[in-house]
Each structure stands twice: as structure tokens, then as C-alpha cells.
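Colleague: Just the structure for this:
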Amino acid sequence: MTRRVLVARLDSAGDVLLAGPAVRAVAAAGNTRVTLLCGPQGADAGALLPGVDSVLTWASPWIVDPAPAATGSAIAALEAGVRHEQINEAVILTSFHQSPLPLALVLRLAGVARITGASVDYAGSLLDVRLKPGEDFPEDQPEAERALQIAAAAGYRLPPDDDGRLRLSGTADVRDLVGPGPYIVVHPGAAVPARAWPALHHAAAVELLTAAGHRVIVTGGPGETRLTATVAGVAGLDLGGRTDLRTLAGVLAGASAAVVGNTGPAHLAAAVGTPVVSLFAPVVPAVRWAPYRVPLELLGDQNAPCRLSRARICPVPGHPCLSGVTPEQVVEAVHRLTTGVRSLGTRRETRTV
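Modeller: Coordinates of the predicted model:
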């Protein structure tokens, strides 16, 4: 009998990509079919993960921002999807500030027999396997490893030949889009303003990178075309609005390095093995959220007053954690990555990356 396992990560694209190794661990079990449950912003990323047989998309009232209404019909829609997939087991992946219990309740009502999750709160009959964060595993570890530990508690581990890095099932052929020759990707957008490096800083970095002999490609979503045009200027190739996630993965896969903030494309770059200059605002800890297990340069004041605030809008006038990073520092970081020399500061800040 086929075991039908739901792996849940109800967040955005970057969170879903970081769940990839845990998904592969579940998929590696014999005679197992994996359904990935994720939010609308994570569905495209979920479709790129090896080991996923189907993607179930649902906008969670306790995860999505702005939150949809918590209505009976919304809950019923999720229950119906779970029953349609004939799920008999679930592994709920969460970050430190999230609870698996609301989803576990809905899954119980949908008939899921076995549920695993990590919860600081008493879970009662909602979880069959409960890990206690801070006791069963440390909180200060990469998100990908946290997810792997939750999967392991459910009985799922990566096979010996899987190194646990982020991976994709495939990328688009982008040769006609990017043109010939090596290039650097600059992705200036960010999911929330508190994590964005100033646009004019990006533009200056593109000019300096070009002057240093690099070809630069600027990427961004359909709503970021004005930003990418400003950043690309006359020196860079502007691909703003011209890539879906699979195509963006192809563009990143061909890059010598990517310059990007703490946002989904940073993890997409890690999933294709591209070195990352990470413009990282410390509103969340780098040890958990920095690009995972790729050559990395971490820029930004990790001890700024906004540290660990989880702010979406910068609470400090002038946005000093990132505005203090100069375009020259970004160019130097790109040089270190493309010559294979990582900075000591990055190794200290991220520890296990």
C-alpha cells in the first residue's frame, strides 16, 4: 500500500525551497507519495522541488500576510484537498515563531492519522510526534536543518548519497535570454522593505561591476520593472518582469555570482549552487536564514538596532544596517566569490553555512 504523506510549509518561495532537503527525505522512503502543502507564494517553488508528486496550495489565515478570512468554507476547502489526495500522514514544517497546531487540527478533521511537528505548546492529541524546540533541537541552526530534524522525528532521513544541499528538479534553458559569456546577477527587489538595499546603491554597484569587466544581468518580478530599469541603467541587461521562477532559476544557474537580499531568489541561487553576495538585514538571524551551503559573502551590520525585530518596515531612521553597505564593498565581495576567497566575517556570522 502506498504511503501518502503531506509535507506542509505554508510560507513563501524561499521557505519552501529551504524545505527541499526535508521533502527529499520523505520521498526517499519506499512506496511513498509526497504532496506538498504550501501557500500561494510558495506554489511555484514547490513545483521545482525533487520528490514532490503533487502541490496543494492553500492560503493560511495564520501565515499569509495580509491574512485571508478564517471562514468555514476556507477550512473546508483544505479538508477537501487533503481528502482528495488521500493523505494518511503529515509532516508539518514551521519556523521558530510558528505553531503547527492550527494546521494539525484541520488535518485531524480531514482524517489524517499520523502528524509530526515541532511545538513549544502542549499539543494534546493534535500531534503524534512532537519535538520541543530548545530541548529536542537548537533554534539557532539553518532552517533547512530544522526541517530535516522534524522529518527525522517522523522517521524520514536522507539517503547516504544525498548531501542535504538545496536542489531543484530542473531549470529553464535561458541561453537566448542571457546571451553569451559569463555574467553576474543583481536582484534588487525584496519581499519586504526592511530587507532592501537602496535602489541607487544597486545602480552604482552595477556600474562598478561593469567597469571591473563583469557583464551584469538585473532580474526582478513583473511588479519591479521600474526598479530593475533604474538599477540596470545603460550598463546592465534588464530582465525585469521577463522571468518566471523556473526561468529565473536558469538565469541564476548560469551566473558566476548573485547579488541579492534576504528574499526568495537568494535561496533559489543556493538551490542551483550559485555563490551569493547576501545583503542581509538582521531583522532575522543569518544563522537561520542566510543562503544555505553555497559560497557566501554576508554584508550588512548584523548588530544593528533592528536586530531580531522581524520588522517588515525598517524601525530605524536611515535603514543603517544595509544603507551603510557601499557599492564598492559589494564589488569587492563579488571579487572574493569569483576568485574563491570567502571573508572571515561571513564565516563567523553564519557559522554552519
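Colleague: which SS class is residue 44?
Modeller: Three-state secondary structure (criterion: DSSP: H, G, I helix; E, B strand; the rest coil) places residue 44 in helix.
Colleague: How about it, nearest residue that isn't a chain neighbour?
Modeller: Taking C-beta to C-beta, 6 or more residues apart in numbering as the measure, residue 44 lies nearest to residue 245, with 4.3 Å between them; neighbours along the chain are not counted. Every residue, glycine included, has its C-beta placed from N, CA and C.
Colleague: repeat for residue 54
Modeller: Sequence neighbours aside, residue 35 is the residue nearest to residue 54 in space, at 4.9 Å (criterion: C-beta to C-beta, 6+ apart).
Colleague: likewise residue 174?
Modeller: With sequence-adjacent residues excluded and distances taken as C-beta to C-beta, 6+ apart, residue 174 is closest to residue 250, at 3.9 Å.
Colleague: ok but residue 231 is inside a helix, no?
Modeller: Yes. Following the definition three-state DSSP, residue 231 is counted among the residues of a helix.
Colleague: wait, what's in contact with it?
Modeller: Going by C-beta atoms under 8 Å, 6 or more residues apart in numbering, residue 231 touches 186, 188, 199, 202-203, 206, 218, 238.
Colleague: List just the nearest of those to residue 123.
Modeller: Taking C-beta to C-beta as the measure, residue 188 is the one of these closest to residue 123, at 41.9 Å.
Colleague: Just give the nearest non-adjacent residue to that closest one, would you?
Modeller: The spatially closest residue to residue 188, leaving aside those adjacent along the chain, is residue 202, at 4.3 Å (C-beta to C-beta, 6+ apart).
Colleague: tell me the contacts of the nearest residue to residue 198 once chain neighbours are set aside?
Modeller: Of all residues not flanking residue 198 in the chain, residue 323 sits nearest, at 5.8 Å (C-beta to C-beta, 6+ apart). Residues in contact with residue 323, defined by C-beta under 8 Å, 6+ apart, are 197-198, 201.
Colleague: From these, list just the buried residues.
Modeller: 197, 201 (16 or more other C-beta atoms under 10 Å).
Colleague: outside of the helix or strand that contains the residue nearest to residue 174, which residues touch it?
Modeller: Using DSSP states H and E, residue 250 falls within helix 245-253. By C-beta under 8 Å, 6+ apart, the surrounding residues in contact with helix 245-253 are 13, 44-45, 48, 168, 170-174, 177-178, 185, 217, 219, 239, 243, 258, 265, 268-269, 271-274.
Colleague: Restrict that helix to CA atoms and write it as PDB.
Modeller: Backbone C-alpha positions of helix 245-253 (Å, rounded to 0.1, in the frame of the first residue of the first chain) are rendered in PDB as follows:
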ATOM      1  CA  LEU A 245      10.600  31.200 -11.200                       C
ATOM      2  CA  ARG A 246      11.900  28.300 -13.300                       C
ATOM      3  CA  THR A 247      13.400  30.800 -15.800                       C
ATOM      4  CA  LEU A 248      14.900  32.800 -13.000                       C
ATOM      5  CA  ALA A 249      16.500  29.600 -11.700                       C
ATOM      6  CA  GLY A 250      18.100  29.100 -15.100                       C
ATOM      7  CA  VAL A 251      19.400  32.700 -15.100                       C
ATOM      8  CA  LEU A 252      20.900  32.200 -11.700                       C
ATOM      9  CA  ALA A 253      22.300  28.800 -12.500                       C
END
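Colleague: pLDDT of it, averaged?
Modeller: Taken as a whole, helix 245-253 has a mean pLDDT of 98.
Colleague: tell me how far that helix is from the chain's mean position?
Modeller: 14 Å (C-alpha atoms, centre = their mean, to the nearest Å).
Colleague: helix or strand right after it?
Modeller: Scanning forward in sequence from helix 245-253 by DSSP H and E, the next helix or strand is strand 257-261.
Colleague: can you pull the buried residues of that following strand?
Modeller: Buried residues in strand 257-261, counted by 16+ other C-beta under 10 Å: 257-261.
Colleague: wait, which of those residues is closest to residue 66?
Modeller: Relative to residue 66, the closest of these is residue 261; by C-beta to C-beta it sits at 21.6 Å.
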